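Participant: Test case, fold it:
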Amino acid sequence: GSCRFIAGALGGMMTPTVTEHTFQEANRIGQALAQAGLEKIKNEPFETAPCFTFLRREYEIPLQSLLLEQAIQGGLLSGVLARDNRIQTETSLLRIGPAWLGLVPGELLPALGLEIKRRMRLAGAKITAIIGLANDELGYILPDEEYNYPTDPFTPGDHYEETMSVGPTAGSTLLSSLTALIQEMSKIDLEQHASTLNQE
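Facilitator: Sure, this is the predicted structure:
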């Protein structure tokens, strides 16, 4: 297979040590990332014919964002609302052999990414990853308990992410939908395992 770089739970500011903002520096960081990836897989076994399963689920999130509501009213965003001030989006779960990849429609904060990975491992995944900005861009997706909308969204201070999020329940709504897919994938795994045992 070919190598792919994916953006994971990229909603947190975890910038590498960058000395200057140049293409040369971007190349240096990219080379270091690639080398770390090559080192990680150097002794990993190859999957000769991995199973491939893809699950998808649509869901809705209530829009509770002053800035996004103003953007919609001003005509900057069109076709966003599904009904009753709700946004329709989707999440997916991709399994390639032992790897489970959770696809999320925005920029997920790391705490949610870690929780999704934990749930995938509990369901049987050997390798887990998050693919951010998958099929949609709903801005930042925060854990509900960390969501604190600023008094003035134009001077948000430490709460910029909240101003660029669809609302306070974006995290729990995503987590609920993706958890349903994880449970479904686990059930498929059990059925395939039982079928394999019967054939043997």
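Participant: Which of the three states applies to Thr19?
Facilitator: The assignment at Thr19 comes out as coil when based on DSSP: H, G, I helix; E, B strand; the rest coil.
Participant: give the contact list for it.
Facilitator: Residues near Thr19 by Cβ atoms under 8 Å, 6 or more residues apart in numbering: Glu25. For every residue, glycine as well, the C-beta is placed using N, CA and C.
Participant: ok, now how distant is it from Ile29?
Facilitator: Noted for Thr19: a distance of 10 Å to Ile29, by Cβ to Cβ, to the nearest Å.
Participant: swap in Thr22?
Facilitator: Taken as Cβ to Cβ, the span from Thr22 to Ile29 is 11 Å.
Participant: Compare those two and say which is more crowded by neighbours.
Facilitator: Comparing Thr22 with Ile29 by other Cβ atoms under 10 Å, the one with more neighbours is Ile29, at 13 against 10.
Participant: Touching, that one and Val18? I think so.
Facilitator: Yes. The pair Ile29 and Val18 qualifies as a contact (Cβ atoms under 8 Å) at a distance of 6.8 Å.
Participant: which residues are common contacts for the two?
Facilitator: Common contact partners of Ile29 and Val18 (Cβ under 8 Å, 6+ apart): none.
Participant: just the helices in the chain please.
Facilitator: Secondary structure of the chain by DSSP state H: the helices cover 23-41, 66-73, 110-122, 160-163, 170-199.
Participant: can you list those in CSV and add mean pLDDT and distance to Gly97?
Facilitator: Output for the helices of the chain, formatted as CSV (pLDDT from 0 to 100; distance: least, Cβ to Cβ, whole Å):
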stretch, mean pLDDT, distance to Gly97
helix 23-41, 88, 13
helix 66-73, 84, 39
helix 110-122, 94, 14
helix 160-163, 91, 34
helix 170-199, 83, 12
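Participant: okay, those in CSV with distance to Leu93 next?
Facilitator: Conversion of the helices of the chain to CSV gives the following (distance: least, Cβ to Cβ, whole Å):
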stretch, distance to Leu93
helix 23-41, 22
helix 66-73, 27
helix 110-122, 8
helix 160-163, 25
helix 170-199, 4
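Participant: nearest to Thr91, of those helices?
Facilitator: Nearest to Thr91, of all those, is helix 170-199, at 4.9 Å by Cβ to Cβ.
Participant: From start to finish, how long is stretch 125-139 in a straight line?
Facilitator: 27 Å (Cα to Cα, to the nearest Å).
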